[in-house]
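Visitor: Got a predicted structure here, sequence first:
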Amino acid sequence: MRLDVVTIFPAFFDVLDVSLLGKARERGLLDIGVHDLRDFTHDRHRTVDDTPYGGGAGMVMKPEPWGEALDGLLQPESILVIPSPAGERFTQGVAREFATESHLVFACGRYEGIDHRVGEHFAREHRVRSVSIGDYVLNGGEVATMAMIEAISRLIPGMVGNPESIVEESHEDGLLEAPAYTKPAQWRGLSVPPVLMSGNHGAIRQWRADQSMERTRSIRPDLLP
Ligand code: ADE
């Protein structure tokens, strides 16, 4: 899978070289390009923003640098992903869907966002998705893009050591995952639930399913039908 990111802060993405993602890049499972939007400006100040039509606070990102940057990156098979608090919600389902794609291009806006025509223009010939990672406002799309890249890339076959660890985790079956424990069996007066040390795999499966349902009911009832 190929990922391209366009941003005015390429340094945000330096951490992609560490941890699991770094290994995936080394092993050729993932190919990531980070591009500086200012390289597609032509004025002395490398201007990427301007005041909003209609007035209001903040600045809006100018369409021209985005047009040039994205012209050079988008292929017929690409999806253009525009992180925005006004987008559709990014869920495990969307991550799973994106993980099957061959090319994603992330357009990280800052300020009050990117001129709306950029998405409109590229939607004429490409698949364009405006996506929010949650109901809160970040300063720009960079951190949202990092979160999406991590969620998507760990679903690529060969990325995570044990594929079962993906199948069993929170959100994969629409519920929160049961709590996990390791040794020692006693710690600061707290014990591991005895069923987990019973060796009875049927009972363990049932306990985890019950915990999963109970946790979801109390913490995230909105996930239940
Ligand atoms: N940019 C700013 N806030 C965001 C959010 N919640 N999700 C995606 N992109 C954003």
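Guide: Nice, I can see it. Numbers count the residues shown, from 1 in each chain.
Visitor: for the residue minimising distance to the centre of the chain, what are its contacts?
Guide: With distances taken as Cα atoms, centre = their mean, the residue of the chain nearest its centroid is Met148 (0.8 Å). By Cβ atoms under 8 Å, 6 or more residues apart in numbering, the contact set of Met148 is 81, 83, 90, 95, 98, 106, 131, 133. C-betas here are computed from N, CA, C, even on glycine.
Visitor: and with 6 Å instead?
Guide: Phe90 (Cβ atoms under 6 Å, 6 or more residues apart in numbering).
Visitor: How about residues contacting the longest helix along the chain?
Guide: Counting residues, the longest helix found in the chain (DSSP state H) is helix 201-219. Contacts to helix 201-219, defined as Cβ under 6 Å, 6+ apart, come from residues 175-176, 178, 195, 223.
Visitor: Can I get the lowest-mean-pLDDT helix or strand in the chain in PDB, CA atoms only?
Guide: Counting by mean pLDDT, DSSP states H and E, the chain has its least confident helix or strand at helix 163-167, which shows a mean of 73. Only the C-alpha atoms of helix 163-167 are listed here, as PDB (Å, rounded to 0.1, in the frame of the first residue of the first chain):
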ATOM      1  CA  PRO A 163      -3.600 -11.600  13.300                       C
ATOM      2  CA  GLU A 164      -5.800 -13.100  16.100                       C
ATOM      3  CA  SER A 165      -4.900 -10.100  18.300                       C
ATOM      4  CA  ILE A 166      -6.700  -7.900  15.700                       C
ATOM      5  CA  VAL A 167      -9.800 -10.100  15.500                       C
END
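Visitor: show me where pLDDT drops low in this protein?
Guide: 20, 161-163 (pLDDT under 70).
Visitor: At the contact with the ligand, which residues of it appear?
Guide: Listed as neighbours of the ligand in the chain under the rule Cβ under 6 Å from any ligand atom: 83-85, 132-134, 136-138, 140-141, 144.
Visitor: next one: phi and psi at Arg188?
Guide: phi 50, psi 40 (degrees, to the nearest 10).
Visitor: I should have written Ile32 there, sorry.
Guide: According to degrees, to the nearest 10, Ile32 has phi -120, psi 130.
Visitor: could you check the distance from it over to the ligand?
Guide: 19 Å (Cβ to the nearest ligand atom, to the nearest Å).
Visitor: and what of Leu190?
Guide: For Leu190, the distance to the ligand - Cβ to the nearest ligand atom - is 36 Å.
Visitor: Pull the number of nearby residues for that residue.
Guide: Leu190: 8 surrounding residues under other Cβ atoms under 10 Å.
Visitor: partner residues bridging it?
Guide: Leu190 has these beta-bridge partners by DSSP bridges: Trp187.
Visitor: quick one on the thing from earlier: can you list the residues of the chain next to the ligand in JSON lines and add secondary structure?
Guide: Below are the residues of the chain next to the ligand laid out as JSON lines (DSSP: H, G, I helix; E, B strand; the rest coil):
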{"residue": "Pro83", "secondary structure": "strand"}
{"residue": "Ser84", "secondary structure": "strand"}
{"residue": "Pro85", "secondary structure": "strand"}
{"residue": "Ser132", "secondary structure": "strand"}
{"residue": "Ile133", "secondary structure": "coil"}
{"residue": "Gly134", "secondary structure": "coil"}
{"residue": "Tyr136", "secondary structure": "coil"}
{"residue": "Val137", "secondary structure": "coil"}
{"residue": "Leu138", "secondary structure": "coil"}
{"residue": "Gly140", "secondary structure": "strand"}
{"residue": "Gly141", "secondary structure": "helix"}
{"residue": "Ala144", "secondary structure": "helix"}
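Visitor: Done for today, thanks.
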